[in-house]
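> Quick one, fold the following:
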Amino acid sequence: MDSSFIAVLAGVAHFLLQLAVCARVLLRPHREPASRVAWIVVVMVAPGLGIIAYLLLGETNIGRKRVARMRHVLAELPPVVVSPDDVNAQPDIPEKYVHLFRAAGTINGFEPVGGNRGVLQKDSNATIDSLVADIDAAQDHVHLLFYIWLADNNGCRVVDALKRAAARGVTVRAMADGLGSRAMIDSHHWKDMAAAGVKLAVALPIGNPLLRPLRGRIDLRNHRKIVVIDDRITFCGSQNCADPEFRVKPKYAPWVDAVVRFEGPVARQNQHLFAADWMAHVDEDLSELLRRPLPAAEPGFTAQVLGTGPTVRYSAMPEMFESLMYSARRDLVITTPYYVPDEPMQGALCAAARRGVATTIVFPARNDSFVVAAASHSYYADLLDAGVRIFEYEGGLLHTKSLTLDGDVTLIGSANMDRRSFELNYENNILLYDPQLTADIRARQEEYIAHSHPVTAEMVAAWPMQRRLWNNTIAMLGPVL
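Take a look at the predicted model:
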């Protein structure tokens, strides 16, 4: 068999492989048309690299065994139920916002629940102060999950508090993402916690990095930040377990976050998310903990947990953001470090401004991801043309993920407004109706704006052609990332 014939056979085989991968792109569910087109172009134009890229990054696959286990766990966990006799725990929502909480309820099956209280923490260090104080006061259990947990001052303060709690007989379960917290997991602090009696787990462990892609994408991560203490206290927001100086990326510091400390029945919903994540990785059944009757609620506001991820309903989080945007009538303020929207979300934000809603979005002036920054900038011109006010925060890396609506409703948590948070990462947010707490968060957003510079249409129009070319090229690749 001569070499030319072998070359022809190899070419035909490679072409058939290209067609097979393209067929897989077309048959994969929940793929936007633009994403299908982008991947097919990549596979056909750069055959070898394109096929490898698609197999590594083209599908939201955490591994069949993990998917099966997570779905089994969720199916077996008892639902979160509030006694109908607990008057304070019944939701109290104006009719004009009921549809928002109804939409949120379709994500995890959690219903809006009343009787909650919440305090916006002053800053990152104050959040750790409150967290450590609550851990030191814990009587039954402490559950903690972070995407990034660093062995810095604040990270070690939490380590020490967990060890103290375990030493006095409190059940302590701590979980950290296998990629984001790898330095902590590999440190002596992790071993010291285990020796002190803290139960530990690694979320989505990497294992052998060469073999890991065969079992699912390495970059699908657990980005949640969940703390539940004694089934009645929970923290929700954007902050990881670290100093604001964030010494792994010091040139962007300080990281500027917002966290709310909640008390009330909504803690049980975060408990359910934690239990599902824990049981998906550890052979320990926490069902009985979720069956405990909730204590009678005190008067308070209505709140609801949203937990999304690759094994949760596709596009749940962007649907929630878009529902909030379309519901705005007076005022819509958003802060996010990462903005790479799909077309419906960009359209919803522009539509809010065009119908007369005072629409504002605040980004960091310096982003730790130059790729995301470039993609975000490609959307500026259309946003400004629609009447959206854009500000860029100068006081560090604005990491807060918040949305306030008409001075009444707030969405706060871990989810960014990009495809990674919407399709790839596990996230947790809380939706709440409370004019007072929303006013506090709105005031924090105004503080960000006061330390920001406005971005104008004239500034964007003056960007040189090479910058616009770079921004638009990166944004064009968004569907394949």
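
> What pLDDT is listed against the nearest residue to Asp331 once chain neighbours are set aside?
Distances taken as C-beta to C-beta, 6 or more residues apart in numbering place Ala358 nearest to Asp331, at 5.0 Å, with adjacent residues excluded. C-beta: built from backbone N, CA, C; applies to glycine. Looking at Ala358, its pLDDT reads 98.

> Same question for Arg467.
Reported pLDDT for Arg467: 92.

> same question, Glu394
The model's pLDDT for Glu394 equals 97.

> same thing with Ile218?
On pLDDT, Ile218 comes in at 70.

> buried stuff in stretch 70-80?
Residues Met70, Val73, Leu74, Leu77, Val80 are the ones in stretch 70-80 that count as buried (16 or more other C-beta atoms under 10 Å).

> Give me the next element, helix or strand, following the longest helix anywhere in the chain.
Secondary structure of the chain per DSSP state H: the longest helix is helix 3-27. Downstream of helix 3-27, the first helix or strand assigned by DSSP states H and E is helix 33-45.

> Can you give the contact residues for that next one?
18, 21-22, 25-26, 50-51, 53-54, 58, 343, 476-477, 479-480 (C-beta atoms under 8 Å, 6 or more residues apart in numbering).

> from those residues, which is closest to Gln269?
Closest approach between these and Gln269, by C-beta to C-beta: Glu343, at 31.3 Å.

> Number of residues surrounding that closest one?
9 (other C-beta atoms under 10 Å).

> quick one: least confident helix or strand in this structure?
helix 47-57 (a mean of 72; mean pLDDT, DSSP states H and E).

> List the contacts of the residue nearest the centre of the chain.
Nearest to the centroid of the C-alpha atoms of the chain, with distances taken as C-alpha atoms, centre = their mean, sits Ala415, at 2.8 Å. Applying C-beta under 8 Å, 6+ apart, we find Ala415 in contact with His223, Thr308, Met317, Lys401, Ser421, Phe422, Glu427, Asn428, Asn429.

> Mind checking which of the residues you listed are in helices?
Met317.

> Which two of the contacts of Ala415 have the greatest separation?
Phe422 and Asn428 (13.7 Å).

> which residues in the stretch 201-350 of the chain form helices?
Applying DSSP state H, counting those that start in this stretch to the stretch 201-350 of the chain gives helices spanning 266-279, 287-291, 316-327, 343-354.

> got the angle for the longest helix of the chain vs helix 47-57?
30 degrees (axes from the mean of the first three to the mean of the last three C-alpha atoms, to 10 degrees).

> what about the stretch 101-250 of the chain, any weak spots by pLDDT?
The stretch 101-250 of the chain contains residues with pLDDT under 70 at 208-217.

> Tell me how many other residues crowd the closest residue to Arg354 other than its chain neighbours.
Ranked by C-beta to C-beta, 6+ apart and with sequence neighbours excluded, the top spatial neighbour of Arg354 is Ala386, at 5.3 Å. Counted with other C-beta under 10 Å, residues neighbouring Ala386 total 17.

> cool, Ala165 as well?
24.

> For the strand or helix carrying it, enumerate the helices and strands it packs against.
In the assignment (DSSP H and E), Ala165 maps to helix 153-167. On a contact count with 3 or more C-beta pairs under 8 Å, 6 or more residues apart in numbering; DSSP states H and E, helix 153-167 meets helix 124-137, strand 141-146, strand 171-177, helix 188-195.

> Can you get me the centre-to-centre distance for that helix and its chain?
25 Å (C-alpha atoms, centre = their mean, to the nearest Å).

> Equivalent analysis for stretch 178-197, please.
With C-alpha atoms, centre = their mean, you get 23 Å for stretch 178-197.

> tell me the domain boundaries of this structure?
Structural domains assigned to the chain are 3-57, 64-99+110-303, 316-480, following automatic domain parsing.

> circling back to that earlier point, same list (the contacts of Ala415) but as JSON lines, adding neighbour count.
Formatted as JSON lines, those follow (neighbours: other C-beta atoms under 10 Å):
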{"residue": "His223", "neighbour count": "25"}
{"residue": "Thr308", "neighbour count": "29"}
{"residue": "Met317", "neighbour count": "25"}
{"residue": "Lys401", "neighbour count": "24"}
{"residue": "Ser421", "neighbour count": "25"}
{"residue": "Phe422", "neighbour count": "24"}
{"residue": "Glu427", "neighbour count": "26"}
{"residue": "Asn428", "neighbour count": "27"}
{"residue": "Asn429", "neighbour count": "29"}
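
> Mind checking which of the contacts of Ala415 land in strands?
Counting by DSSP state E, the members of the contacts of Ala415 that fall within strands are Thr308, Glu427, Asn428, Asn429.

> one step back: tell me the angle the helix holding Ala165 makes with strand 171-177.
Using the same axes, to 10 degrees, helix 153-167 lies at 150 degrees relative to strand 171-177.

> separation between the closest residue to Trp39 other than its chain neighbours and Val45?
Spatial nearest neighbour of Trp39, chain neighbours left out: Val25 (4.7 Å); criterion: C-beta to C-beta, 6+ apart. As judged by C-beta to C-beta, to the nearest Å, Val25 and Val45 stand 14 Å apart.

> Between these two, which has more neighbouring residues?
Neighbours were counted for Val25 and for Val45 using other C-beta under 10 Å; Val25 has more, 20 against 9.

> Just confirm that one contacts Tyr54, I think it does.
Yes. Applying C-beta atoms under 8 Å, one finds Val25 in contact with Tyr54, separated by 6.9 Å.

> Between helix 33-45 and the least confident helix or strand of the chain, find me the angle.
140 degrees.

> so how far is helix 47-57 off the chain centroid?
26 Å.

> Then stretch 367-377?
17 Å.

> Okay, buried residues for it please.
Asn367, Asp368, Val372, Ala373, Ala374, Ala375, Ser376, His377.

> For it, what does the pLDDT average out to?
Per-residue pLDDT over stretch 367-377 has a mean of 93.
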